[in-house]
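Peer 1: model the structure of this input:
(chains A and B)
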Amino acid sequence: MFVGVTGYNHESSAALVDKNGVLIDFYREESLSRIKGDKSFPKRSINKLLYSNNLKIKNIERVCFYERPLSAFLHIVKEASLHMPRSLGLLTHQFRNFNSSSVACYLDFAKCFRGLETKLIYSDHHLSHTLTALAYSNFKEHICSVVVDGFGDRSTASISQIVNPTEINELWECPYPVSLGLFYSSITDYLGFAINEGEYKVMGLASFGDSNSKSAKLVKRLLDWDSTSSRIISDMSYFDYHLSTSNSFNRKLESLLGPARNPFDQLIPGDSDFQRCADIARGAQDLIIYLLGKIFNHAHKITGSRKFLFSGGVSMNSASIDSLAQLPFVDELIIPPSPGDAGCAIGAAFYGYIKSNFYSDLKIYKPSLFPSLKEKRNDEFLTKQIISNEFTVLEISEEDSFLKAAELISSGEVIGTILSNSETGPRALGNRSLICDGKNKDAVKKLNTVIKNRSLFRPTAPAMRYEIAKKHYKLRPEIYDCYKSMSATCRCLKGNVSLEFPTTHVDGTARIQIVEYGSYLDKLFSKLEPLGVEILANSSLNVSGDPTCFDLVDGLMVCSRTKLRYLLTDIGLLKRKT
Amino acid sequence: MKKNHSELTIFYETAHAELASALEMLAACKGTDTPKQAFGYFMHAKDEYNHAKSFFKMLSKRGKKASIKKARDFRFIPLSLIKKGYISPKGFLIETMKLKDFIAFVYTNELLAKSSFKKILNLVGFDTKEGKRISSIMKDELRHHGMAKKFFLNQYPELQPWQLRIYRTREIIHNKGRKLYDANLKFLDTFLTPLYRVMSYFAGTIARKLNLNGYKRKDKNLMNISPNSIL
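Peer 2: Reported below is the predicted structural model:
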């Protein structure tokens, strides 16, 4: 058994791969701690991996950390040291927190899981991303990997040629501090949203912006591609993320774009500052799309490949994927369902697996979209009294529960789901979802505003079967797998009725999910379609600011805290009493 | 302006404390052995979540009036629950404490929370909408205190009321100690920060000379790099 671990810098997680190259289990620390973006040493996740799979330390052959800790530390310190005294705050912070940075992972293993520290190995940050993406690809040889994120352990973007899983050659890199990910985070911060959480909001906001507006044009000047040296160039004087722990941008950016937004002010379409913010978001989005296009062009040029893996935090920018799929040399583009740092645990576990096997013996099986093992104890025993006091069980058998849920959805109700295993990635794909009829405007509005309390400018994603999707949307076969994990947006067909769906964004796009055959949503559609519901609005089951629900207790809690009335679970269909 | 800042701090910290309590109770709910206890913790967590929501709402109202620079400092970032010490990096209380101590902790701290809300009530006024909400939160805290006491005595019937008072005194001393430690840390920090910065300056001067080019990966097979290297 091989364990992969991430942590300290972004969301921490742990993954388990067996000796046959199968991903057995995966947990994000935030699912267990209920603290969104939890980046502490993933003690709970590792414990759960061991406990759920009846494993002891001696059963683990290798444990792999997803990056080289000292490299990550030194690259930040080196860059900051070039800008003293301005960067003294960051330097002091780095040195004072040395023992709580990823450098401490060896000690944390020794403290929490005695014996595992002796089995600890390290992978490169971008290599972990690459291996995660490779696991989800049908092709394991002769493919190009593009990784773009905030900061890895030495670079912020890279291109590698995968000859086979044992020969992965890095051919290009974008050195820190120039970073597409950190640029987008700075704009997120400037627009008043929290870094590492508000990037989705910027993407949603961008649809309201005008690419030809003054603000958008100003933003587009902040980064560029130098064709001569094949490098991303950036005027770093607008940013402070490499110099400060508290500010990602500085006054110069505010002089250029106007004052940053007060995070407590609501952004409502039509309000005074809304358009300026939307235009800035549009500029940032345009710039990301432009630079990703340049990186992929360069990747094709230096590798000759027509098949691509794309991972790293920036690949979660689903609004840019459709443009990449249109590049003439892209035959296939694979994005793993968890392309951010949390998903790196999967790649790290596979790294341990590959390093322990001969090439001829390697089998890397494509993981499921729902790999975490089901939480049994809480579901079946502990919730007994909570359910009897607070809920009514409407149906018990799966068949009846699904049928009743379908009837409720068709009558305009919103339903929460806590079914079987949870999803790998940040997007709920039906097992931990809030769903309603995707064509019913009132139901979608209720889901979005009354239950989720989401910003008015953010759309909800539609989920459907493939046959329905191709009737309404311009699908691109190059990114078919991305639609299964909601990793890419697509355009509504011209003049199509889908333009009127409440799940369609203001710019005529939608982040669709094509439900996987045999999945729970697929099962639900078999009951829904005869009732005339062929599209569901699908959002993650959580309260704003919380991680997506993990087990039944979390689901019951969301139901109790919000106006959600129905919960479809493994133990039946529940209705909240009051 | 100064008043607004202190109000922002009060609501920001209280909202964090309430949210942390909710998470502690949710963890207790998942970690307990009986459905009855799970239900008790579940309802307690639900109350705490609602309290946190109310305080975040009060914070938001004041944040809108603050300067942008100030407002940015009071944005809610979930990770600050750990950074600010509301949730211990070692784990939830139910994971690190004995059950007896955990219940005693809840029993005592609910009462202490109620008294700290009294101060907030004075700040917002008794007759305001916010004042009424805080009064109802105080009632909740008193109810939680009563439930914890009942549970404690049911669980450990041999305990005498005076022993509960000892637990309470112990917690009060702990709390005061924590505050004193925090204040001392801040006081010490004012002296130590310049020293740290000087040290960082020297360390930075050395770091500036570091040549990390040798560790570049360009044109290298990443799978051939030693898996034992941390650089």
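
Peer 1: could you confirm A:Lys527 falls within a helix?
Peer 2: Yes - assessed with DSSP: H, G, I helix; E, B strand; the rest coil, A:Lys527 lies in a helix.

Peer 1: and the residue minimising distance to the centre of chain B, how far from chain A?
Peer 2: By Cα atoms, centre = their mean, chain B has its centre lying nearest to B:Tyr86, at 1.9 Å. Using Cβ to the nearest Cβ, to the nearest Å, B:Tyr86 is found at 10 Å from chain A. Yep, even glycine has a C-beta here, placed from its N, CA and C like the rest.

Peer 1: is that residue in contact with B:His16, as I believe?
Peer 2: Yes - at 5.2 Å, B:Tyr86 counts as touching B:His16 under the criterion of Cβ atoms under 8 Å.

Peer 1: hang on, the earlier thing: name the helix or strand for the residue nearest to the centre of chain B, please.
Peer 2: Element membership for B:Tyr86, per DSSP states H and E: none, as it lies in no helix or strand.

Peer 1: per-residue pLDDT of it, please?
Peer 2: Here, the pLDDT recorded for B:Tyr86 equals 89.

Peer 1: next: the one 3 residues further on.
Peer 2: We note a pLDDT of 88 for B:Pro89 in this prediction.

Peer 1: identify the residues contacting the closest residue to A:Lys214 other than its chain neighbours.
Peer 2: Of all residues not flanking A:Lys214 in the chain, A:Asp279 sits nearest, at 7.5 Å (Cβ to Cβ, 6 or more residues apart in numbering or on different chains). Taking Cβ atoms under 8 Å, 6 or more residues apart in numbering or on different chains, we find A:Asp279 in contact with A:209-210, A:213-216.

Peer 1: would you mind measuring from A:Asp279 to chain B?
Peer 2: According to Cβ to the nearest Cβ, A:Asp279 and chain B sit 19 Å apart.

Peer 1: that residue belongs to a strand?
Peer 2: No - A:Asp279 is assigned helix when assessed by three-state DSSP, not a strand.

Peer 1: in three-state terms, label residue 196 for me.
Peer 2: You didn't say which chain, so I picked chain A. Here A:Asn196 takes the coil state, with states given by three-state DSSP.

Peer 1: how many neighbours does the nearest residue to it once chain neighbours are set aside have?
Peer 2: Excluding the flanking residues, the one nearest A:Asn196 by Cβ to Cβ, 6+ apart is A:Gly37, at 5.7 Å. For A:Gly37, the neighbour count with other Cβ atoms under 10 Å in any protein chain shown is 19.

Peer 1: and for the one 3 residues further on?
Peer 2: As a burial measure, the neighbour count of A:Ser40 was computed by other Cβ under 10 Å and equals 21.

Peer 1: with A:Glu529 instead?
Peer 2: Residues near A:Glu529, counting by other Cβ under 10 Å, number 15.

Peer 1: now A:Asn297
Peer 2: 16.

Peer 1: element containing it?
Peer 2: Assigned by DSSP H and E, A:Asn297 falls in helix A:274-303.

Peer 1: got it, and A:Glu141?
Peer 2: Judged by DSSP H and E, A:Glu141 forms part of no helix or strand.

Peer 1: which residue comes closest to A:Ile354 once chain neighbours are left out?
Peer 2: Nearest non-adjacent residue to A:Ile354, counting by Cβ to Cβ, 6+ apart: A:Pro165, 5.3 Å away.

Peer 1: list the contacts of that neighbour.
Peer 2: By Cβ under 8 Å, 6+ apart, the neighbours of A:Pro165 are A:131, A:134, A:140-141, A:350, A:354, A:359, A:362, A:364, B:223.

Peer 1: for PyMOL, write the selection for the buried entries among the contacts of A:Asp279.
Peer 2: Those of those that count as buried under 16 or more other Cβ atoms under 10 Å in any protein chain shown are selected in PyMOL with:
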select buried, chain A and resi 209+213+215+216
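
Peer 1: could you list the low-pLDDT ranges of chain B?
Peer 2: For chain B, the stretches with pLDDT under 70 are B:1-5.

Peer 1: for A:Ala488, report the pLDDT, please.
Peer 2: For A:Ala488, the predicted pLDDT is 97.

Peer 1: contacts only, for it.
Peer 2: With the criterion set at Cβ under 8 Å, 6+ apart, A:Ala488 makes contact with A:318, A:321-322, A:325, A:335, A:479, A:482, A:511.

Peer 1: which ones, among the residues you listed, also lie beside chain B?
Peer 2: Near chain B, taking Cβ under 8 Å from any Cβ of the partner chain as the test, no member of these is found.

Peer 1: can you give me the helices in chain B?
Peer 2: Ranges of helices in chain B, per DSSP state H, are B:2-31, B:35-63, B:68-73, B:80-83, B:93-96, B:99-124, B:129-155, B:161-208.

Peer 1: hmm, I typed the wrong one, I wanted the stretch 451-578 of chain A.
Peer 2: Per DSSP state H, counting those that start in this stretch, the stretch 451-578 of chain A carries helices over the ranges A:466-472, A:480-484, A:520-528, A:552-561.

Peer 1: got those helices as JSON lines, with mean neighbour count columns?
Peer 2: Converted to JSON lines, the helices of the stretch 451-578 of chain A look like this (neighbours: other Cβ atoms under 10 Å in any protein chain shown):
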{"stretch": "helix A:466-472", "mean neighbour count": "16"}
{"stretch": "helix A:480-484", "mean neighbour count": "21"}
{"stretch": "helix A:520-528", "mean neighbour count": "20"}
{"stretch": "helix A:552-561", "mean neighbour count": "23"}
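
Peer 1: what would the ones you listed look like in CSV with mean pLDDT?
Peer 2: Shown next, in CSV, are the helices of the stretch 451-578 of chain A (pLDDT from 0 to 100):
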stretch, mean pLDDT
helix A:466-472, 96
helix A:480-484, 96
helix A:520-528, 96
helix A:552-561, 95
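
Peer 1: kindly reformat those as TSV containing distance to A:Asp442.
Peer 2: Below are the helices of the stretch 451-578 of chain A laid out as TSV (distance: least, Cβ to Cβ, whole Å):
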stretch	distance to A:Asp442
helix A:466-472	21
helix A:480-484	27
helix A:520-528	18
helix A:552-561	20
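
Peer 1: what helices and strands are in contact with the host helix or strand of A:Ala405?
Peer 2: Per DSSP H and E, A:Ala405 falls inside helix A:398-410. Using 3 or more Cβ pairs under 8 Å, 6 or more residues apart in numbering or on different chains; DSSP states H and E, the elements in contact with helix A:398-410 are strand A:391-395, strand A:415-418, strand A:433-437, helix A:520-528, strand A:566-569, strand A:572-576.

Peer 1: got a markdown table for those, with distance to chain B too?
Peer 2: Below are the helices and strands packed on helix A:398-410 laid out as a markdown table (distance: least, Cβ to the nearest Cβ, whole Å):
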| stretch | distance to chain B |
| --- | --- |
| strand A:391-395 | 11 |
| strand A:415-418 | 14 |
| strand A:433-437 | 17 |
| helix A:520-528 | 23 |
| strand A:566-569 | 14 |
| strand A:572-576 | 12 |
